[in-house]
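Engineer: Please find the sequence and the predicted model below.
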Protein chains: 2
Amino acid sequence: MTTQIAIVLFDRFTALDAVGPYETLGRLPDAETVFVAERTGPVRTDTGNLAITADKSLAEVPHPDIVVVPGGPGQTPQMENPVLLDWLRAADAGSTWTTSVCTGSLLLAAAGLLEGRRATSHWLALDFLKEFGAEPTGERVVLDGKYVTAAGVSSGIDMGLTLLGRIAGDEHAQAVQLLTEYDPRPPYDAGSPEKAPAHLVEEFRTKSRFILT
Amino acid sequence: MTTQIAIVLFDRFTALDAVGPYETLGRLPDAETVFVAERTGPVRTDTGNLAITADKSLAEVPHPDIVVVPGGPGQTPQMENPVLLDWLRAADAGSTWTTSVCTGSLLLAAAGLLEGRRATSHWLALDFLKEFGAEPTGERVVLDGKYVTAAGVSSGIDMGLTLLGRIAGDEHAQAVQLLTEYDPRPPYDAGSPEKAPAHLVEEFRTKSRFILT
């Protein structure tokens, strides 16, 4: 039987959040990946310069085996979108894995799916998970039962490979890593708040939409 | 003045090849990223499950400042597409940077742009660069004059950050690395032919479309 992977799109999502898992987890054998949104058609990213097509509406994909929820600035208004939150709850009821990248975990949390669960999110949003009863951790990929959450943006690649290995075995995941030549060599070592220059971290914390009052 | 970054799409490109540079280099200040293809509209990736919209035709974007060419299985037929090759030559004549990810470098090479240049490509395609007078290197990101080529698929993220640092300065590139939380932790160490299990490397070499006779 084909495994259906649904990747959720919404206005002003972050492209790499969705494309990282697509390019890795989406290489699962006997699987079909489908991009879904409230309505079909092109969905614009946070920069406005890229649109990915939602081939199906949420209503057309009620029972995915794996749910992937990206984040991005557009996540904030979606926190109060009953169509998306209801779909997440219903899809999760039948899924084998429910996953997120970046602030996508806040959407899972807002749908009530991460209560009492260990989870992660973009480093700027991490503490916000507590508001929904989740237990934030600083890990890059967090598995708690069938819930798999990843940190910011690029971490969806690590999440995708991790889950691919769990489902299809280490060798298949290694094959996908080899074919995507995922042997990262960042030119800087500034990819986390612990490693980046402190003034940059401070600057982004001050401007963040996730300031807890 | 706005810097125009043109990311080229063609049928059966590999999504992450294009989205890695988009998410990093595309965060250049005062820049506009535009996805271009022979015709406007949705362009499908190699899996068929993802479509990115080409917002402009190649003809509508004759003078980009930065050219980004992804690869993927669809690169092979494009090697004989005069519309694309002519556009690459003309765009390169006025560009400040001409770049590629994965087998996108073979398209630059086929357009005659990498003759006598050090360059890289997907590990399976590396030797093929020699057919066009380029000098393949095993590095992940290769700069030779204004030509920047990256290795397979995921290397476009490293390429994008590298070029971003060159153009906008180290601090801006570090800020983008921090915001995309690019602190990679692959669950396996199999991302290059030197590190992956030898039988996987051998298997892919045997099946490759880049077998030199």
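Structural biologist: Thanks, I have the structure now.
Engineer: which residues does the closest residue to residue A:18 other than its chain neighbours contact?
Structural biologist: Leaving aside its sequence neighbours, residue A:18 sits nearest to residue A:70 (C-beta to C-beta, 6 or more residues apart in numbering or on different chains; 4.2 Å). From N, CA and C alone the C-beta is placed, and that goes for glycine too. Counting by C-beta atoms under 8 Å, 6 or more residues apart in numbering or on different chains, residue A:70 touches A:7, A:8, A:9, A:13, A:14, A:17, A:18, A:100, A:101, A:102, A:104, A:156.
Engineer: check which helix or strand covers the last one.
Structural biologist: To tie it back to what came earlier, the one meant is residue A:156. For residue A:156, the host element (DSSP states H and E) is helix A:155-168.
Engineer: List the buried residues for that helix?
Structural biologist: A:155-165, A:167-168 (16 or more other C-beta atoms under 10 Å in any protein chain shown).
Engineer: mind listing which of the contacts of residue A:70 are in strands?
Structural biologist: Among the contacts of residue A:70, DSSP state E puts A:7, A:8, A:100, A:101 in strands.
Engineer: Now neighbour count too, for those residues, in CSV please.
Structural biologist: Converted to CSV, the ones in strands among the contacts of residue A:70 look like this (neighbours: other C-beta atoms under 10 Å in any protein chain shown):
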residue, neighbour count
A:7, 30
A:8, 27
A:100, 33
A:101, 38
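Engineer: can you list those residues in a markdown table and add pLDDT and distance to residue A:123?
Structural biologist: Listed next are the ones in strands among the contacts of residue A:70 as a markdown table, based on pLDDT from 0 to 100; distance: C-beta to C-beta, whole Å:
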| residue | pLDDT | distance to residue A:123 |
| --- | --- | --- |
| A:7 | 98 | 23 |
| A:8 | 98 | 22 |
| A:100 | 98 | 15 |
| A:101 | 98 | 13 |
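Engineer: out of those, who's nearest chain B?
Structural biologist: In terms of C-beta to the nearest C-beta, no member of the ones in strands among the contacts of residue A:70 lies closer to chain B than residue A:7, at 8.6 Å.
Engineer: my read: that closest one touches residue A:37, true?
Structural biologist: No - with contact defined as C-beta atoms under 8 Å, residue A:7 does not reach residue A:37; the gap is 9.6 Å.
Engineer: quick one: pLDDT of residue A:1?
Structural biologist: Note on residue A:1: pLDDT of 81.
Engineer: OK, contacts around the nearest residue to it once chain neighbours are set aside?
Structural biologist: Distances taken as C-beta to C-beta, 6+ apart put residue A:30 closest to residue A:1, at 7.6 Å, once the chain neighbours are dropped. Counting by C-beta under 8 Å, 6+ apart, residue A:30 touches A:1, A:2, A:3.
Engineer: distance of the last one from chain B?
Structural biologist: In this structure, residue A:3 and chain B are 13 Å apart, going by C-beta to the nearest C-beta, to the nearest Å.
Engineer: Quick one, grab the pLDDT at the nearest residue to that residue once chain neighbours are set aside.
Structural biologist: Among residues not flanking residue A:3 along the chain, residue A:31 sits closest, at 4.1 Å (C-beta to C-beta, 6+ apart). In this model, residue A:31 is scored at 97, pLDDT.
Engineer: what's around residue A:31, how many residues?
Structural biologist: 19 (other C-beta atoms under 10 Å in any protein chain shown).
Engineer: could you list every residue that touches it?
Structural biologist: Residue A:31 makes contact with A:2, A:3, A:4, A:5, A:66 under the criterion C-beta under 8 Å, 6+ apart.
Engineer: Wait, residue A:3 touches residue A:28, no?
Structural biologist: Yes - contact status for residue A:3 versus residue A:28: in contact at 6.1 Å, counting by C-beta under 8 Å.
Engineer: Could you tell me which residues touch both of those two?
Structural biologist: residue A:167.
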